[in-house]
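J.: Only the shape, not the letters, is given here:
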């Protein structure tokens, strides 16, 4: 049984799309590459499961925030590569701003709670 201290934290609701957009802003990637990048950049704290990743990528495609095309990977496998669109770049800016406001608000509540 995994202790509570060893358990990795869950993503906050609504942050997966933001993390994917930010990851794709760096470079086009296939789905597995997106998951690996998020894991690596988070210092192995955040793990995105396939069951969450691919539905999120599909939602971003339907919203026009990413586009996809089939290409060959570095290991000569066919994979769908995702690229951020201009609309996705704008959405990333909006979501980053909203996320920063939320984190600042949570920080204010937590710092006030410590003083009480």
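T.: Arrived safely. Since we're looking at a predicted model, the values are computed, not measured. Numbers count the residues shown, from 1 in each chain.
J.: which parts of stretch 57-76 are buried?
T.: Within stretch 57-76, the residues that count as buried by 16 or more other CB atoms under 10 Å are 57, 60, 61, 65, 66, 67, 68. (C-beta placed from N, C-alpha, C; glycine too.)
J.: Start and end of that stretch, how far apart?
T.: 22 Å (CA to CA, to the nearest Å).
J.: what sits up against it?
T.: 17, 20-21, 24, 30-31, 34, 78-85, 87-88, 91 (CB atoms under 8 Å, 6 or more residues apart in numbering).
J.: mind listing which of these are in strands?
T.: 30, 78, 79, 80, 81, 82, 83, 84 (DSSP state E).
J.: Pairing partners for the residue nearest to residue 28 when sequence neighbours are not counted in the sheet, please.
T.: Spatial nearest neighbour of residue 28, chain neighbours left out: residue 83 (4.3 Å); criterion: CB to CB, 6 or more residues apart in numbering. Residue 83 has these beta-bridge partners by DSSP bridges: residue 67.
J.: tell me the contacts of residue 83?
T.: Neighbours of residue 83 in contact, by CB under 8 Å, 6+ apart: 24, 28, 66, 67, 68, 69.
J.: any idea how far it lies from residue 106?
T.: 32 Å (CB to CB, to the nearest Å).
J.: same question, residue 58
T.: Taken as CB to CB, the span from residue 58 to residue 106 is 29 Å.
J.: likewise residue 32?
T.: 32 Å.
J.: What strand or helix carries the closest residue to residue 47 other than its chain neighbours?
T.: Of all residues not flanking residue 47 in the chain, residue 39 sits nearest, at 5.7 Å (CB to CB, 6+ apart). Element membership for residue 39 (DSSP states H and E) is helix 31-41.
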